[in-house]
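1. Here you go, sequence then predicted model.
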Amino acid sequence: MAKPMEEYRWYDLNVGCVIDEPGNAREYKTGDWRSQRPIHLNERCRKCYLCWLFCPDAAVYMREDGFFDVNLDYCKGCGICSKECPFGAIEMKEETK
């Protein structure tokens with residue numbers, strides 16, 4: 001059984017970033033790279049799914065009420081969702097700690 005990613009040190013990783021354990025992408029929480037975060041404005045959202053479709057990190061998900069939200073563990077703050085939204089329902093804001 002593989003150890004969780006937070007238990008690895010740099011010298012434990014494979015040379016060349018070779019992935020030898022399939023299905024481990026969920027362990028790489030890359031959201032801490034973000035300098036901006038998307039803010040969804042539900043009053044402008046028309047539920048067109050474009051934010052979900054264009055997110056390169058699959059960080060956008062649909063909530064039970066049909067509106068969309070972002071899993072900040074994986075969102076890198078690239079802003080593609082905001083640029084692709086034809087209704088201006090996503091604003092990018094500076095990340096604060």
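-> Thanks, I have the structure now.

2. so where do the strands sit in the protein?
-> 36-40, 60-62, 68-70, 90-94 (DSSP state E).

3. and Arg44, what pLDDT?
-> With respect to pLDDT, Arg44 scores 97.

4. Mind pulling up the pLDDT for the most centrally placed residue in the chain?
-> Among the residues of the chain, the one closest to the centroid is Cys75, at 2.4 Å (Cα atoms, centre = their mean). Note on Cys75: pLDDT of 94.

5. Now do the nearest residue to it once chain neighbours are set aside: how many residues are near it, please.
-> Nearest residue to Cys75, sequence neighbours excluded (Cβ to Cβ, 6 or more residues apart in numbering): Ala59, at 4.0 Å. C-beta coordinates here come from the backbone N, C-alpha and C atoms, glycine included. For Ala59, the neighbour count with other Cβ atoms under 10 Å is 23.

6. ok, the closest residue in space to Phe54 that isn't next to it in sequence to Glu21 distance?
-> In this structure, Phe54 finds its nearest non-sequential neighbour in Glu84, 4.5 Å apart by Cβ to Cβ, 6+ apart. Computed as Cβ to Cβ, to the nearest Å, the Glu84 to Glu21 distance reads 33 Å.
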